[in-house]
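Novice: here's my sequence, what's the structure:
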Amino acid sequence: PFMRRALQNIADGTDAEELRMMLEDEIATKTQADRNASKFFQSLGGYAPTVGIIGTVVSLTHVLENLSTPDHLGPMIAAAFVATLWGLLTANFLWLPLAARLRRISDLEADRMTLLMEGVLAVQAGSQPRLLGERLRAMVPAHDLPRAASAPAAA
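Specialist: Prediction:
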């Protein structure tokens, strides 16, 4: 859809600078929306251990209510500390990795959109195809290029 809109604007005769501003704004808006989603899960990862500790404290107050039955204290204390464990586990194995993954996907998508934008703008400017290919390949890390594209062309 991003490339389709960019090409449609070229076909409609949109000025190169206006098109660049519009595409950059679209990239920035998408990146900000993606970052907000990532921040949400990052926040959950920050709060989860605290919620676990609150659960432990509440459970331990319940343990204190039952000091008259010492044979039940061991399992009750163990159950109380499980709340802390769940808080730590969900933070470190669910929420924080999910936030990092969303951020990484957002970064990759923004890079892809930037690459498309540069290519479309170069096509609009009438750049020479071989030079354009070299320029776009230079914008991609070598380890992400297909082997055939990263090897220099034989003359």
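
Novice: pLDDT weak spots in the chain?
Specialist: Scanning the chain for pLDDT under 70 picks out 148-155.

Novice: so which residues of it form helices?
Specialist: Counting by DSSP state H, one finds helices in the chain at the ranges 2-11, 16-65, 73-90, 96-125, 129-138, 147-150.

Novice: count of neighbours near Y47?
Specialist: 15 (other CB atoms under 10 Å). C-betas here are computed from N, CA, C, even on glycine.

Novice: ugh, wrong one, A83
Specialist: A83 has 19 neighbours, counted by other CB under 10 Å.

Novice: give the contact list for the residue nearest to it when sequence neighbours are not counted.
Specialist: With sequence-adjacent residues excluded and distances taken as CB to CB, 6 or more residues apart in numbering, A83 is closest to G55, at 3.0 Å. By CB atoms under 8 Å, 6 or more residues apart in numbering, G55 lies in contact with 80, 83-84, 86-87.

Novice: redo those residues as CSV? Include distance to V120.
Specialist: Listed next are the contacts of G55 as CSV, based on distance: CB to CB, whole Å:
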residue, distance to V120
A80, 59
A83, 53
T84, 52
W86, 49
G87, 47
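
Novice: pull the number of nearby residues for G13.
Specialist: By other CB under 10 Å, neighbour count at G13 equals 8.

Novice: same question, A78
Specialist: Applying other CB under 10 Å, we find 10 residues neighbouring A78.

Novice: if we go by neighbour counts, what in stretch 77-89 is buried?
Specialist: 80, 83-84, 86-87 (16 or more other CB atoms under 10 Å).

Novice: ok, stretch 11-26 next?
Specialist: Residues of stretch 11-26 classed as buried: 19-20, 22-23, 26 (neighbour count, 16+ other CB under 10 Å).

Novice: residues in contact with that stretch?
Specialist: Residues outside stretch 11-26 that contact it (CB under 8 Å, 6+ apart) are 2, 5-6, 9-10, 113, 117, 120-121, 124-125.

Novice: how near is the residue of the chain positioned farthest from its centre to T61?
Specialist: Distance from the C-alpha centroid of the chain, by CA atoms, centre = their mean, peaks at S68 (51.7 Å). Per CB to CB, to the nearest Å, S68 is found 15 Å from T61.
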